[in-house]
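Q: give me a model of this one.
(one chain, ligands or ions: 1)
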Amino acid sequence: MKNITYKKLSETQRKLLDAAEKAMKTAYNPYSHFLVGAALLSENGKTFTGSNVENAGYSSTICAERSAIVSANAKGVRVFDKVAIIARGDTFDTKDITSPCGVCRQMLFELAQISGKDLEVIMSSTKKDKIVIATIKELLPLGFGPKDIFVDVKKYR
Ligand code: THU
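A: Next up, the predicted model:
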């Protein structure tokens, strides 16, 4: 896990974070008034984005990360290298990074095992003046995944 500046990110990482920022603006957030954007980078260089989609039955809300995952899956893509996450409030900027919730960590962990590699997670504050890079294994140590129930992960790539 490390802190990094926007300038020090690779061009690929910067573009991914910028894509997440763009997606953030599409958040449907009538309840929390919080906007989150996520962008997944596939193994072959394609970007899939998502934003949080809330619901009057609060627990039905889907986070930005999982929106991006289902969007990629709809195109048959499940093998990823990286994911970028950024957020803000309707009326405020975040000072600190936004990191994926527990449910999203679990979903990202699944993808990491399917992908056959640890997934890089880039987490940013609204103004991109605080950025942390970690891996999904760092965010979900000893995670439970498809391999634990003997799924042939290669079959789902
Ligand atoms: N949210 C995300 O989309 N991703 C996260 O990583 C954290 C939380 C959303 C869910 C809800 O719409 C709002 O942020 C407030 O929790």
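
Q: where along this structure do the helices fall?
A: 11-24, 64-74, 102-115, 136-139 (DSSP state H).

Q: mind listing what's buried in the shortest one?
A: Residues of helix 136-139 classed as buried under the neighbour-count rule (16 or more other C-beta atoms under 10 Å) are I136, L139. (Glycine included, C-beta is placed from N, CA and C.)

Q: can you give the contact residues for it?
A: M1, S99, P100, R105, L108, F109, A112, D118, L119, V121, G143 (C-beta atoms under 8 Å, 6 or more residues apart in numbering).

Q: get me the contact residues on the chain for the ligand.
A: 29, 32, 34, 36, 52, 54, 61, 63-65, 98, 100-101, 104 (C-beta under 6 Å from any ligand atom).

Q: which of those residues count as buried?
A: Counted by 16+ other C-beta under 10 Å, these give N29, F34, V36, N52, E54, T61, C63, A64, E65, T98, P100, C104 as buried.

Q: might you report the residue contacts of the closest residue to the second one other than its chain neighbours?
A: Here the nearest residue to F34 in space, its sequence neighbours aside, is G89; by C-beta to C-beta, 6 or more residues apart in numbering that works out to 5.5 Å. When the contact criterion is C-beta under 8 Å, 6+ apart, the partners of G89 are H33, F34, L35.

Q: closest one to the ligand out of the residues you listed, please.
A: F34 (4.2 Å; C-beta to the nearest ligand atom).

Q: roughly how far does that closest one sit from V121?
A: Applying C-beta to C-beta, to the nearest Å, the value for F34 to V121 is 19 Å.
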